[in-house]
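A.B. asks: Here is my input, please return the structure:
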Amino acid sequence: MPHQSSTRIAEPLLGGPDGIHLASAGARFRRGQAYIFAGILGFTTFLALALQGPCLGSGYEQPSASARMCSGPLSMAFLGEFNPEDALGRSHGGMPGLSALEARFVQLSKLMTDDVSVFMAIALIINVIAFAALGVALLVLARQRAWLVAAFASPVILFTLGSTLDPAAVALSVWAMVVFVGSSPMRSRPWLSGVLLGLAAFINPLALLVLLALTLTGPSPAGRLRPRDPRMMLATVTITSALLLVIDGTAIDRVLHWMGDAVDGGSFASILVMARLGSAETWAPVWIIASAGVIAAVALSLFMVRRTGLDPAVAACLLIGGCLLLAPGMMPWDSLWILPFLVLAVRRWWVLIIWAVAETAFAIAIHLGDVAAIEPDKGLEPTFVALLTLLRLLALVAVVICAGENLYRRRIRGRLRIAEPPRRGESDHPVIRVQGHGNPT
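C.D. replies: Take a look at the predicted model:
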């Protein structure tokens, strides 16, 4: 009799092969697990608030704000400041560099107060609520919650809480996915998904990639997800975007300005500029076209394999990761967009740990690089900033590769299939077979 492990022999009782559905957690256990993860997210958010504390007291003055890792586009735009001109590979920033809704938020806040600390306190409250909403959305989407600790304890939260309004946009995008797929206990409402994504896109256009992912996966979802018609979602996105353009007509001008000032930290383009191999104006259109080409290639690949079932989180991870890989700028708040979909799509701890370490090193390096541009005798030299940027991009490559495996790997989902005739030599060892596709959220 051939040797078999005890786990292999007990597969029919445990629910599948090694590592897949070895047990079914009860509702009480899952509630307790959710409370623990909520506590971890709360502790991470508290640390992010503590990081912003010194800057709230000092008024976000440079270069101390960058040295304390609490400077960001919102505070600099409110103060009317720009990124240092001597910081190679960095965009100019300031109010023109903000998105339409972020710029409107800054302008309305200036009508109420001239104190940057009060303004940033309001922004921090908004982002804290956004991270709480994001955590709830991930708990609704996830099937195996153990992986969510990689998102709830992520260092990206530490370095993005006071930077931009991207946490709010990411929360809107993830909730759009929740209400689109109708994950229990939510009902499917495609029109609401369109409204949420329309609002998120005016904070960061990366929300449009989440829209593309849902459009591709809706008719042919993976696992136990039901097919969804994306036409209502696309219609409401169009209506919401049209209304926002009428209310604030600066969105198009801001996009044109961004295309001329697109090269920013964290990208291959910024590394070339730091090495003085061309200027930002030269490289910006090249890398924008390259990034658009990657998006088109990934979308085409997803369309070609859609019949086997697509996971919306995997599709979003691939689209956003592919876009950021060759984008002319990839700051920490851009990495926040891939974080929830990364945790839902990639189930390898070593990849998640490498990504967290790379993000931490880069976030520290980019701030210290700004300090060196203001005070050359302090901070971090561009050579080290470029090295850490390259390591971070290599970590992103690993993330995209691991997420792409889900397009071709069939995973057990615990649903019975019609019994097949036993193979030769297996008649004495009956096996209950199960089926499923993808890596469902």
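A.B. asks: would you list every one of the strands in the protein?
C.D. replies: In the chain, the strands defined using DSSP state E lie at 415-416, 434-435.
A.B. asks: which of those strands has the lowest average pLDDT?
C.D. replies: Among the strands of the chain, strand 415-416 has the lowest mean pLDDT, at a mean of 32.
A.B. asks: longest helix anywhere in this protein?
C.D. replies: Ranked by number of residues, the top helix in the chain under DSSP state H is helix 27-58.
A.B. asks: which strands and helices sit next to it?
C.D. replies: helix 64-67, helix 116-141, helix 149-152, helix 155-160 (3 or more C-beta pairs under 8 Å, 6 or more residues apart in numbering; DSSP states H and E). Quick note: C-beta positions are derived from backbone N, CA and C, even for glycine.
A.B. asks: Please compute how far it lies from its chain's middle.
C.D. replies: Centre-to-centre, helix 27-58 and its host chain are 18 Å apart (C-alpha atoms, centre = their mean, to the nearest Å).
A.B. asks: Please point out which parts of that helix sit buried.
C.D. replies: Neighbour-count burial for helix 27-58, counted by 16 or more other C-beta atoms under 10 Å, picks out 33-34, 37, 40-41, 44-45, 48-49, 51-52, 55-56.
A.B. asks: Can I get those residues in a markdown table including pLDDT and distance to M233?
C.D. replies: Below are these laid out as a markdown table (pLDDT from 0 to 100; distance: C-beta to C-beta, whole Å):
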| residue | pLDDT | distance to M233 |
| --- | --- | --- |
| Q33 | 86 | 31 |
| A34 | 87 | 28 |
| F37 | 92 | 29 |
| I40 | 95 | 32 |
| L41 | 95 | 28 |
| T44 | 96 | 31 |
| T45 | 96 | 30 |
| A48 | 96 | 32 |
| L49 | 95 | 35 |
| L51 | 94 | 37 |
| Q52 | 94 | 35 |
| C55 | 92 | 39 |
| L56 | 91 | 39 |
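A.B. asks: Among those, which pair sits farthest apart?
C.D. replies: Farthest pair in the buried residues of helix 27-58 (C-beta to C-beta) is Q33 and C55. Separation: 34.8 Å.
A.B. asks: Tell me how many other residues crowd the nearest residue to G198 once chain neighbours are set aside.
C.D. replies: Spatially, and ignoring its direct neighbours in sequence, G198 is nearest to T240 (2.9 Å; C-beta to C-beta, 6 or more residues apart in numbering). Using other C-beta atoms under 10 Å, T240 has 20 other residues around it.
A.B. asks: quick one: T240 and L192 touch, right?
C.D. replies: No - using C-beta atoms under 8 Å, T240 is not in contact with L192; the gap is 10.6 Å.
A.B. asks: Using a markdown table, please lay out the helices and strands packed on helix 27-58 together with distance to G329.
C.D. replies: Formatted as a markdown table, those follow (distance: least, C-beta to C-beta, whole Å):
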| stretch | distance to G329 |
| --- | --- |
| helix 64-67 | 17 |
| helix 116-141 | 20 |
| helix 149-152 | 23 |
| helix 155-160 | 15 |
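A.B. asks: can you map out the helices along the stretch 151-300 of the chain?
C.D. replies: Counting by DSSP state H, counting those that start in this stretch, the stretch 151-300 of the chain has helices at residues 155-160, 166-181, 190-201, 207-217, 231-247, 251-260, 268-274, 280-304.
A.B. asks: What's the mean pLDDT across the shortest one?
C.D. replies: Helix 155-160 shows a mean pLDDT of 94.
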